[in-house]
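Peer 1: Just a sequence and a predicted model for now, questions to come.
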Amino acid sequence: MGNIAGLVPVILFLLVALALSIFARRRSRSGAGFVNDYFIGNRSLGAFVLAMTTIATYGSVSSFVGGPGQAWTIGWGWVYMAAVQVTALFLLYGIMGKKMALVSRKLNAVTVIDVLRARYRSDALAIIAALVIVVFFGTTMIAQFVGGAKLFAAVTGYSYLTGLVLFGLAVIIFTTIGGFRGVAVTDALCGIAMLVGIFVLAGGILHAGGGWDNLMATIERNHPEMMEPLSGGHMPYGLYFTQWLIVGIFTFCLPQSAVRTMGFKDAKSLRHAMVLGTVIIGAMLIGCTALGTMSAGVLTDDIAAYGGSIDNIIPTAIVSTLPPWLAGIAIIGPIAASISTVSSLLIAASSAIIKDIWIHYGQRAGKTASDRAIEVSSQGVTLGIGLIVFVLAVTPPAVIWQINMFAFGGLETAFCWVFLGALFWRRANRYGALLSMVGGTAAYCVCMALGIKFMGLHQITIGLAVSLLLMVVGSLAFRDRESGHLPVFFGDSPRSEP
Amino acid sequence: MEDRVTYRDKLKQADREARATVVALAVTIVVWAVGGFGLAGLDIKVAHTPLWVICGTVGAWICAIACAVYLDKRVFVDFSLDDEDGCRASGPDGGIEVSDEEGKNRG
């Protein structure tokens, strides 16, 4: 039998999230049409909700479980590496924010694929992009479900399956009902829960370890290499370099983040979200990873004593440093991280199928679906994808943060140059974009599968390089006579186009 | 840049903001590298914590916040994001079509 004191706060949190999602959905019905309401929340996000939904989408359960687990092994070097993520928000809003907002309003685009389809005038690209989104989002969602359920089981004593059913079904239901606006508002709630979770656990570890100085002294005595940036050779410079690419610089082109730049209310909201978000993301991601290193001052045994997996470190730290009722509150943080990422990906994956494929091809065939049909099918697809991912998560895969990194790398490889070309390079065309997305993603996946590396660097360097090369070569080598919407993207008269 | 700004001006401003953001990224990377790797050789500790840890993590974070504040106050400009030029390109249910004005331009 599990610990009921740990279960009650989680259930209460899920109920509040569900209520908030229903409330947000009802408020968002504005007459702008179901598609606009459901998939982009009628572009109504204010600064706080915008910042929190972006952070909650970006910061996943791996930020709470896998990352800190690594920091427990590696030491301060891992926290130093996590600090590269502080640029994520200002990069997203600064590079993509204003331009995506302008272009998407002009085009009445609801998804990132709408924008790409308009810019490149390529249905093939849109379909491939939708497939890439569904596959990599699915992979990430499985990792989130697994991480959250494992944590739940470790802290409450209930089974993995109980945790999966409890919060897995909750997140599927409130995403299905709430749509984009509901997801954004519950993301804000999740963001707050994550911060609370960090502070509660930090208090527990500090108390158990006899204060900061004692914790540091213990770590230095047991593992002096954990106080070095290279961590006795465990943290090569190449790893720092590739982490800057994967979780630092190129996070701005993750489609689940980019779609948020289409949903905010006004320019002022964007500015304020940039500052607020940069403050919060640093507190959350540096703070969260530091919890792992701090845990090394309390959990001083070998990894075998903690179940042989770094994913068990944070759950063990929660259980061993906090009383049961407080552990129940601390666990809400990582569970919130898990469900906020799943909800954001779920709504984006659903929009890729409904909006970018079904509605688009229906219109091309001259069939216009009724609002009611679109509503039922959108919610049905959201529910369906959620349930498929849920079933796949019943048998948990291994190390969560590696799965997460794989999906991050795949999405960045597929979308980075295609987005940048669409928004900032007028010579970019459909041939370059297609080659870039297909060739880059294929190169990345093949290299990951076969373990092929360049100078020992992560495979994303190969994926990004191939993708960039193909974008440039394809765009310059093949002239596209049907350039798409260039005046909308660059404000020029079409006569001046190359 | 308030009223009467053209759509083209808005796009140009968005490009300026993007370029400034890339500069802000470069500044943060430099602070991160100097604060972390650069100070790692010094045997200085604050509350038992190596100085490179504080400067490389909290220092980089503070730098990122300063960059965000600078972009907010000095670079980013508020203007209406909605279409004011009357050349909206939209179709039913969010579908995308070429607007009349754009069609004329293309012709």
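Peer 2: That came through, no problem.
Peer 1: could you measure residue A:378 against residue A:456, distance?
Peer 2: Distance check for residue A:378 against residue A:456: by Cβ to Cβ, to the nearest Å, it reads 45 Å. (C-beta placed from N, C-alpha, C; glycine too.)
Peer 1: okay, these two: which has more neighbours?
Peer 2: The residue with more neighbours, out of residue A:378 and residue A:456 and counting by other Cβ atoms under 10 Å in any protein chain shown, is residue A:378; that gives 24 against 11.
Peer 1: Could you measure from that one over to residue A:91?
Peer 2: Separation of residue A:378 from residue A:91 (Cβ to Cβ) stands at 31 Å.
Peer 1: What of residue A:450?
Peer 2: Taken as Cβ to Cβ, the spacing of residue A:450 relative to residue A:91 amounts to 31 Å.
Peer 1: Look at these two and report which has more neighbours.
Peer 2: Under the criterion of other Cβ under 10 Å, the comparison of residue A:450 against residue A:91 puts residue A:91 first, with 28 against 9.
Peer 1: Name all residues that make contact with that one.
Peer 2: Shown in contact with residue A:91 (Cβ atoms under 8 Å, 6 or more residues apart in numbering or on different chains): A:249, A:251-252, B:21, B:25.
Peer 1: And the furthest pair within these?
Peer 2: Distances among the contacts of residue A:91 were taken as Cβ to Cβ; the most separated pair is A:251 and B:21, at 13.1 Å.
Peer 1: Mind naming the longest helix for chain B?
Peer 2: With DSSP state H setting the assignment, residue counts place helix B:7-33 as the longest helix in chain B.
Peer 1: Please spell out which residues along that helix are buried.
Peer 2: Residues of helix B:7-33 classed as buried: B:7, B:10-11, B:13-15, B:17-18, B:20-21, B:24-25, B:27-29, B:31-32 (neighbour count, 16 or more other Cβ atoms under 10 Å in any protein chain shown).
Peer 1: again, but for stretch A:7-27
Peer 2: When burial is assessed from 16+ other Cβ under 10 Å, stretch A:7-27 yields the following buried residues: A:7, A:9-10, A:13-14, A:17-18, A:20-21, A:24-25.
Peer 1: Give me the contact list for it.
Peer 2: Among residues not part of stretch A:7-27, those counted as contacts by Cβ under 8 Å, 6+ apart are A:152, A:156, A:158, A:166-167, A:170, A:173-175, A:177-179, A:181-186, A:189-190, A:193, A:325, A:328-329, A:331-332, A:335-336, A:339.
Peer 1: how distant is that stretch from the center of its chain?
Peer 2: Distance of stretch A:7-27 from the chain centroid (Cα atoms, centre = their mean, to the nearest Å) equals 21 Å.
Peer 1: where does residue A:175 land on pLDDT?
Peer 2: Per-residue pLDDT puts residue A:175 at 88.
Peer 1: is it true that it touches residue A:343?
Peer 2: Yes: taking contact to mean Cβ atoms under 8 Å, the distance of 4.3 Å between residue A:175 and residue A:343 places them in contact.
Peer 1: tell me, what's touching these two both at once?
Peer 2: Contact criterion Cβ under 8 Å, 6+ apart; residues shared by residue A:175 and residue A:343: residue A:183.
Peer 1: Looking at the two, which has the bigger crowd around it?
Peer 2: Taking residue A:175 and residue A:343 together and counting by other Cβ under 10 Å, residue A:343 has the greater number of neighbours (33 against 27).
Peer 1: Now do the same contact list for the residue in chain A that chain B sits nearest to.
Peer 2: Chain B sits closest to residue A:94 of chain A, with a gap of 2.8 Å, by Cβ to the nearest Cβ. Neighbouring residues of residue A:94 by Cβ under 8 Å, 6+ apart: A:274, B:17-18, B:20-21, B:24, B:71.
Peer 1: For the chain, which residues score under the pLDDT cut-off?
Peer 2: As the question left the chain open, I've gone with chain A. Per-residue confidence of chain A (counting by pLDDT under 70) places the weak regions at A:1-2, A:28-32, A:396-402, A:481-485, A:493-498.
Peer 1: wrong one, I was asking about chain B
Peer 2: In the predicted model of chain B, residues B:1-4, B:83-107 satisfy pLDDT under 70.
Peer 1: Spell out the residue ranges of the strands in it.
Peer 2: With DSSP state E, the ranges of strands along chain B come out as B:45-46, B:49-50.
Peer 1: could you list every residue that touches residue B:16?
Peer 2: residue B:75.
Peer 1: Over to the one 3 residues further on?
Peer 2: The neighbours of residue B:19, taking Cβ under 8 Å, 6+ apart as the test, come to nothing; the list is empty.
Peer 1: and it, how far is that from residue A:90?
Peer 2: Here the criterion is Cβ to Cβ. By it, residue B:19 lies 13 Å from residue A:90.
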